[in-house]
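*Asks:* Give me the fold of what follows.
(one chain, ligands or ions: 1)
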Amino acid sequence: MLRSHQESADRARTAIEARQHDPSYFREALLEVPPSERDAWLDRVLGIQELPNDGPELPSGCVPYLPCPVDALLRVIDHAPMRSSDVFVDVGSGVGRAMIFAHLITGASAIGVEVQPALVQAAQELTTRLHLRRISSQAGDATQMTGPLTSHPVFFLYCPFSGSRLQAWLARLEELRTRPFTVCTVDLPLPPQRFLTLGASPHPSVSIYRST
Ligand SMILES: C[S@@+](CC[C@H](N)C(=O)[O-])C[C@H]1O[C@@H](n2cnc3c(N)ncnc32)[C@H](O)[C@@H]1O
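*Replies:* Numbers count the residues shown, from 1 in each chain. Just a heads-up that it's a prediction; the model follows:
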């Protein structure tokens, strides 16, 4: 990474830690970095150094931790489109990288649900270190989520599971719906649902669904 981009990542981290973060400056600094280096730039901002190992709590059939690429996250956020009054809900949130990014670039609150307790702890350590109070991580199986839904949720799924678990999550979502919501997926086209309509597909890997 160019020295100027390393410096802009360090400036972004310093601003976050000093509670002087501004989403529009953050976006501007990110967009100056070539797409191929944006993941390394974000990892430098957040101080994330290596991928954590998966633990035994990952149920069979669920997908291990792998961070969503920044450019896919940007497409999700811009085409949802996410506003600062929305709540980003990361279904299978890992160490919190995607939800922290969504918060930093939009100002929206974020909630993560993650089945591996060690990853929840890593996410909590990260948000505490960066003084990010509007982001929370919950340990648990997302297919057992409880409601009701609050604010305008933007559910984000970077393939945490598929098949019967995905069907179970969708059935739970249908039961809990009391207000409009958006579901954004990366590399995970959803089977047709009577309560969801495909709103946008800005890239073959990204799908944005709206509640009917
Ligand atoms: C491909 S990773 C995506 C991580 C994160 N959303 C991101 O984009 O950076 C999938 C994550 O889903 C979690 N996961 C898998 N099954 C889950 C379940 N039933 N409930 C909650 N989390 C789950 C995994 O532990 C893993 O951290």
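
*Asks:* got the domain boundaries for this protein?
*Replies:* 1-50, 53-211 (automatic domain parsing).

*Asks:* Compare the ones you listed and give me the one nearest the ligand.
*Replies:* Relative to the ligand, the nearest member of the domains of the chain by C-beta to the nearest ligand atom is domain 53-211, separated by 2.2 Å. (Glycine included, C-beta is placed from N, CA and C.)

*Asks:* Please state the mean pLDDT value computed over that closest one.
*Replies:* For domain 53-211, the mean pLDDT works out to 93.

*Asks:* how about the residues of this protein near the ligand?
*Replies:* Of all the residues in the chain, those in contact range of the ligand (C-beta under 6 Å from any ligand atom) are 58, 62-63, 65-68, 90, 92-94, 97-98, 113-116, 119, 141-143, 158-161, 165.

*Asks:* Throw together a ChimeraX command that grabs the buried residues out of those.
*Replies:* In ChimeraX, this line selects whichever of the residues of the chain next to the ligand come out buried by 16 or more other C-beta atoms under 10 Å:
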select :62,63,65,67,68,90,92,93,94,97,98,113,114,115,116,119,141,142,143,158,159,160,161,165
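
*Asks:* Please identify the deepest-packed of the domains of the chain.
*Replies:* Among those, the stretch with the highest mean neighbour count (mean count of other C-beta atoms under 10 Å) is domain 53-211, at a mean of 18.

*Asks:* and it, how far apart are its ends?
*Replies:* Start-to-end span of domain 53-211 (C-alpha to C-alpha, to the nearest Å) is 35 Å.

*Asks:* do stretch 197-212 as well
*Replies:* 6 Å.
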